[in-house]
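Asks: Build me a model:
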Amino acid sequence: MFVDVPLVVAAVPEHPLMAAYPDGGAVSSAALAGHRLIGLQHVIGMRAVLERLCAGAGFRPQVVFEAAASDALARLAARDLGVGVGVLPGPGPHPGLRALTLADPRARARAALVRRAQGPLGPAARELLGRLREELRAGRRMRGRNRAGARVSCAGRRGSRCARR
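Replies: Here you go, the predicted model:
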């Protein structure tokens, strides 16, 4: 199972970055230059993605806060402490925040899950699987391989089938 979602920038609606995109749209990585950013901790791969995107746009990100999880990132951004860059928790809405996707196609959060075919699952594995199923129900896009090794893609809609690729 593979989860693949776009990274977003999130800030209070009055933030200058949000004002630059009154009709929505995708934000370029270069537009983040000069803004105080809220990122996820280095141990989370999304932080490395942010740093690569900014380096590609010719600047070093000014990360003023690090969040351990996406809900903490959203809370910091909602308090106008900077522009959050990452994945927002759950399907939304997120009170006090406006979110726009990043334009760069490499601005994605990806997570893969591999589990043993037989045997009991431990408590942590059961919790992780439960949360991933919630994401599917919320409509997040998931991809992976079936038992035969064929690539599959799931839109996460109730009753939908995974399509072979």
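Asks: Need the per-residue pLDDT for A117.
Replies: Confidence per residue is given as pLDDT, and for A117 that number is 75.
Asks: three-state assignment of it?
Replies: For A117, the assignment made with DSSP: H, G, I helix; E, B strand; the rest coil gives coil.
Asks: At the geometric centre of this structure, which residue sits there?
Replies: If you average the C-alpha coordinates of the chain and look for the closest C-alpha using Cα atoms, centre = their mean, you land on V87, 2.7 Å from that point.
Asks: Check which helices and strands the longest helix that the chain contains sits against.
Replies: Using DSSP state H, we find that the single longest helix of the chain is helix 123-137. Identification of packing neighbours for helix 123-137 by 3 or more Cβ pairs under 8 Å, 6 or more residues apart in numbering; DSSP states H and E yields strand 142-145. Any C-beta I mention is one placed from the backbone N, CA and C, and that applies to glycine too.
Asks: and the strand it packs on, average pLDDT?
Replies: Average pLDDT, strand 142-145: 48.
Asks: Then stretch 24-34?
Replies: Across stretch 24-34, pLDDT averages out at 94.
Asks: Other residues contacting that stretch?
Replies: Under the contact criterion Cβ atoms under 8 Å, 6 or more residues apart in numbering, stretch 24-34 has outside partners 9, 17, 20-21, 53-54, 56-59, 61-62, 83, 85, 100-104, 107.
Asks: The residues you listed, buried ones only, as a ChimeraX selection?
Replies: Written as a ChimeraX command, the selection of buried residues from the contacts of stretch 24-34, which uses 16 or more other Cβ atoms under 10 Å, is:
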select :9,17,53,54,61,83,85,100,101,102,104,107
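Asks: mind listing which of the contacts of stretch 24-34 are in helices?
Replies: Members of these lying in helices (criterion: DSSP H): L17, L53, C54, G56.
Asks: Let's have the residues you listed in a markdown table, adding distance to A77 and pLDDT.
Replies: Shown next, in a markdown table, are the ones in helices among the contacts of stretch 24-34 (distance: Cβ to Cβ, whole Å; pLDDT from 0 to 100):
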| residue | distance to A77 | pLDDT |
| --- | --- | --- |
| L17 | 11 | 96 |
| L53 | 18 | 94 |
| C54 | 17 | 95 |
| G56 | 23 | 95 |
